[in-house]
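> build me a model:
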Amino acid sequence: MKPVWAWFGYDEPNYTYMKDGKKLLTEIAQLSKVPVFVRAHSMLVTGDGTAALKWGSTNAYTEDANGKPIYNWAIVDSIFDTYVNRGMKPLAQIGFMPEALSSHPTPYRHYWKPGDPYTDIITGWAYPPKDYDKWRELSYQWVKHSIERYGKKEVESWYWEVWNEPNGHYWKGSMEEFFKLYDYAADGVKRALPTAKIGGINIAGTGGKSGTEWTTKFIEHCISGTNYATGKIGSPMDAILFHAKGSPRVVNGVVKMNMSPQMKDISAGFRMAAAYPQTKNLPLIIGESDPEGCAACGMATNPENAYRNGTMYSSYTAATFARKYMLADQYNINFLGAVSWSFEFENQPWFYGFRDLATNGVDKPVLNVFRMFGMMSGDRVNVNANRMYSLKTVVDSSIRGAQTDIGALATKASKSAAVMVWNYHDDDLQGPAEPVNVTIKGIPAKAVTTKIYLIDSENSNSYEVWKEMGSPQNPSVEQISTLEKSGSLKCIDVQKKSTKSGSIVVPLSLKRQAVALVMVNW
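Next up is the predicted model:
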C-alpha cells in the first residue's frame, strides 16, 4: 500500500514556521512511518513575510538599482528547515514571479478576503518574467543554495515543480509562454543538480477541455517539442502533476457532496499519463486532491463548505482515497501521491469552516483519518463488501443512492492487519448506527489482539465537544486542553480473540459519517 495520502499543501507558506503551523507539521510527521511531502504556494513572491489568506512571501529575489539580482533565502530557509527538521520533504514549487522580475509588476500585493471575487488575487506575481535568463538563474541559485544547506542526497529526494494551475487564475501568459517558463526553470534546476526531480503541470480541472488540452500539449512538449531554454528536443519531466476537485452544493438547506468530478479529474490525469510510452511509468502526483476548490473560503461566505468541521470531511476522505487506489489499479500507473490541500490558518476564528486539519492548534476529525492511514502498512488486500458502491458508480455519479456506502480499505503486514471501514453518503445528514461485521480471513496465528479506533459524533471529534461547550471563540486554558484531547484518535475497544480456521469476525457499530480502523496483531 503506497502511502499516497502522506502529501499535504497550502497557499500560505509563512504559516509553516508560526506557532500552530509548527505544531501541526510535527503531528503530521509523527503520524506517518514514511517522510511526508509538503507543497506550498508563493515561495518566490516578494514581500516582508507577513502571512494573509491566499498570500505569502519570502523576498527571495530582489534587484539593486542597476538591475543586479539580490538573493535572500532567509525566509525560504525557515520554511524548508521546518520541514527537513521533522523528516519531511518539500514538493518545492518554483513560483510565483518576484516583483522585480514580473513583466507586469503593479499592483503586486493583494488583500483578498473570503467573499471577495476570487480574481482579486491575480496581481503582478501571476505574470511571465521580463527576463527568462534571470528566471533560469533564480531556479539555479535556489537549488544550489538548497544543496549547500541540506546536502546533495537530501535535495535529490525532493520533487520540484514549476508554477500552479497555469490554465486557471495563476498565470497571465499564454500556453507557449508557460512552456518557456517551465523550460528555463527546469534548465536552471538541472544545471544545479542533474539528478533533481522536476515535473508539472499542476493543471486545474484536469478532466475538462482546458485541463486535458494543456496537459496533453505539455506532455508532448516535454517529449518532442523544442526546448525554449536549450534549443534541443524535449524538456525534463520526472513526474506528472495535476489537480482533482469535487463540487459540494447546498440543496434544500443540506450540504450535498459530489466526489464524481474529483474522480473524473483523477481518471483523466491517469489516462493521459498512461497514453504515452514515455510517461506511463512516471510518478503521478495529484498536486491538489480535495472535496472542492477554495481552502480559504469559510462556510460563512460559502455555506456549501459547512462539511469541513465535522465527520463529513473525515468520511469523505476515507471513501475517496480508497477509490484513488482503485483507479491507480485500473490504469496500471505509478501513483505516487495525492496532496490534500488542507493545513491550518493562523489567528482565525475557531472552527470557521476553512478547509483545514486543525483550528487554533486543535485537531479536527479529518486529521484522525490520516492517523489511521499512518497505522496501515504492508500490502493492500482484497475487500468484498455488500454495501460498497462500485468504482464506476462513484466516478459517474458519486454516492447518492438510497443506501449509504459502507466500504473498506485493508492491508496486511508480517505480524498485523488493518481494515479501515466507513459509512458515507453525499448528503450531510446524521443517521443511526448500523451493525457491520468485518470478517478477516487467512490469519497465520491462533490468537490475535484486536483494537478498534473510531471517528464519529462522539469519538475523536473536537468539533462536537466545542459545540457542547457553547462554541466559545475565547476558550479557557482548561477548555483548550479538553479540546486538544478530544481531537486525538480514540481507541474504543481492545480484545484478545482466538481465530477459527484462520478467521475472526469483528463486529462494528457505525453511525452515518463514521470511520473505524480495526487493527489486528499476532
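> need the next SSE after the longest helix along the chain, C-terminal direction.
The residue-count maximum for a helix in the chain (DSSP state H) belongs to helix 311-331. Remark: after helix 311-331, the chain's next helix or strand is strand 334-338, criterion DSSP states H and E.
> tell me the mean pLDDT over the helix or strand that comes right after that following strand?
With elements assigned by DSSP H and E, the helix or strand that comes after strand 334-338 is strand 358-359. The average pLDDT within strand 358-359 is 98.
> sec struct for residue 113, please.
Under DSSP: H, G, I helix; E, B strand; the rest coil, the three-state class of residue 113 is coil.
> that one and residue 53 touch, don't they?
Yes - Residue 113 lies in contact with residue 53 (Cβ atoms under 8 Å); the separation is 6.3 Å. C-beta: built from backbone N, CA, C; applies to glycine.
> neighbour-wise, which of the two wins?
Under the neighbour definition other Cβ atoms under 10 Å, residue 113 and residue 53 were set side by side, and residue 53 has more, 21 against 12.
> roughly how far apart are the more buried one and residue 116?
Residue 53 sits 10 Å away from residue 116, going by Cβ to Cβ, to the nearest Å.
> what touches both of these two?
Shared contacts of residue 53 and residue 116, defined by Cβ atoms under 8 Å, 6 or more residues apart in numbering, are absent.
> in the longest helix of the chain, which residues are buried?
By 16 or more other Cβ atoms under 10 Å, the buried positions in helix 311-331 come out as 311-328, 330-331.
> residues in contact with the closest residue to residue 141 other than its chain neighbours?
Using Cβ to Cβ, 6 or more residues apart in numbering and skipping the chain neighbours, the partner closest in space to residue 141 is residue 71 (5.3 Å). Residue 71 makes contact with 60-61, 138, 141, 145, according to Cβ under 8 Å, 6+ apart.
> distance of residue 71 from residue 14?
Here the criterion is Cβ to Cβ. By it, residue 71 lies 19 Å from residue 14.
> could you do residue 84 as well?
Going from residue 84 to residue 14 by Cβ to Cβ gives 17 Å.
> those two: which is more packed in?
Set residue 84 next to residue 14 and count neighbours by other Cβ under 10 Å: residue 14 wins out with 23 against 20.
> A strand includes the more buried one, no?
No - using three-state DSSP, the assignment for residue 14 is helix, not a strand.
> identify the residues contacting the residue nearest to it when sequence neighbours are not counted.
Distance criterion Cβ to Cβ, 6+ apart; nearest residue to residue 14, sequence neighbours excluded, is residue 51 at 3.8 Å. Residue 51 makes contact with 12, 14-15, 18, 346, according to Cβ under 8 Å, 6+ apart.
> just the buried ones from these?
Neighbour counting by 16+ other Cβ under 10 Å classes 12, 14-15, 18 among these as buried.
> from those, pick the one nearest residue 280.
Nearest to residue 280, judged by Cβ to Cβ, of those is residue 12 at 35.4 Å.
> on that earlier part again, what about the contacts of residue 71, which are in strands?
Residues of the contacts of residue 71 located in strands (DSSP state E): residue 61.
> spatially, which two of the contacts of residue 71 are the most separated?
Most distant of those, by Cβ to Cβ, are 61 and 145, 11.8 Å apart.
> the two - which one has more neighbours?
residue 61 (24 against 18).
> who touches that one in this structure?
Residues in contact with residue 61 (Cβ under 8 Å, 6+ apart) are 44, 46, 69-72, 98, 100-101, 138.
> ok, residue 396 to residue 264 distance?
According to Cβ to Cβ, residue 396 stands 9 Å off from residue 264.
> who has more neighbours, these two?
Looking at residue 396 and residue 264 with other Cβ under 10 Å, you find the greater number of neighbours at residue 264, namely 18 against 11.
> where does the stretch 51-200 of the chain have low pLDDT?
Along the stretch 51-200 of the chain, the model assigns pLDDT under 70 to no residue.
> which residues touch residue 184?
Counting by Cβ under 8 Å, 6+ apart, residue 184 makes contact with 132-133, 135-136, 139, 228-229.
> and if you look at residue 27?
358, 363, 367.
> show me how to select, in PyMOL, the buried members of those residues.
Per 16+ other Cβ under 10 Å, the buried members of the contacts of residue 27 correspond to this PyMOL selection:
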select buried, resi 358+363+367
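> tell me the one of the contacts of residue 27 nearest residue 419?
residue 367 (20.0 Å).
> for that closest one, what are its contacts?
Per Cβ under 8 Å, 6+ apart, neighbours of residue 367: 27-28, 31, 357-358, 487.
> now do it against residue 286, distance only.
Distance from residue 367 to residue 286, by Cβ to Cβ: 19 Å.
> phi and psi next, for residue 367.
The phi/psi pair for residue 367 (degrees, to the nearest 10) reads phi -60, psi -30.
> helix, strand or coil for residue 377?
Recorded secondary structure, residue 377: coil (three-state DSSP).
> for it, give me phi and psi.
Per-residue torsions, residue 377: phi -150, psi 170 (degrees, to the nearest 10).
> how close does it get to residue 491?
Residue 377 is 18 Å from residue 491, by Cβ to Cβ.
> between those two, who's got more neighbours?
Taking other Cβ under 10 Å, residue 377 and residue 491 do not tie; residue 377 has more neighbours (17 against 14).
> neighbours around residue 384, how many?
Residue 384: 7 neighbours (other Cβ under 10 Å).
> likewise for residue 216?
13.
> just checking, it touches residue 272?
Yes - with contact defined as Cβ under 8 Å, residue 216 reaches residue 272; the gap is 6.1 Å.
> then the helix or strand where residue 38 lies to CSV, C-alphas only?
Secondary structure from DSSP H and E places residue 38 in strand 37-40. What follows is strand 37-40, C-alpha atoms only, in CSV (Å, rounded to 0.1, in the frame of the first residue of the first chain):
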residue,chain,number,x,y,z
PHE,A,37,5.8,15.6,1.3
VAL,A,38,4.7,19.2,1.7
ARG,A,39,3.8,21.7,-1.1
ALA,A,40,3.2,25.4,-0.6
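> quickly run through the sheet partners of it, with directions.
strand 7-10 (parallel), strand 89-94 (parallel) (DSSP bridges).
> in the stretch 201-350 of the chain, which spans are strands?
Counting by DSSP state E, counting those that start in this stretch, the segments of the stretch 201-350 of the chain that form strands are 239-245, 249-251, 254-256, 283-290, 334-338.
> nearest to residue 109, out of those?
strand 283-290 (23.8 Å).
> where's the residue nearest the centre of the chain relative to residue 522, distance?
In the chain, the residue lying closest to the centroid (Cα atoms, centre = their mean) is residue 340, at 1.8 Å. Look at residue 340 and residue 522: by Cβ to Cβ, they are 32 Å apart.
> what about residue 427, distance to residue 258?
Relative to residue 258, residue 427 is positioned 11 Å away (Cβ to Cβ).
> for the two, indicate the residue with more neighbours.
A direct count of neighbours by other Cβ under 10 Å for residue 427 and residue 258 places residue 258 higher, at 20 against 16.
> identify the residues contacting that one.
Under the criterion of Cβ under 8 Å, 6+ apart, the neighbours of residue 258 are 246-249, 398, 426.
> I'd like to know which of those residues are buried.
Among the contacts of residue 258, those that count as buried by neighbour count (16+ other Cβ under 10 Å) are 246-248, 398, 426.
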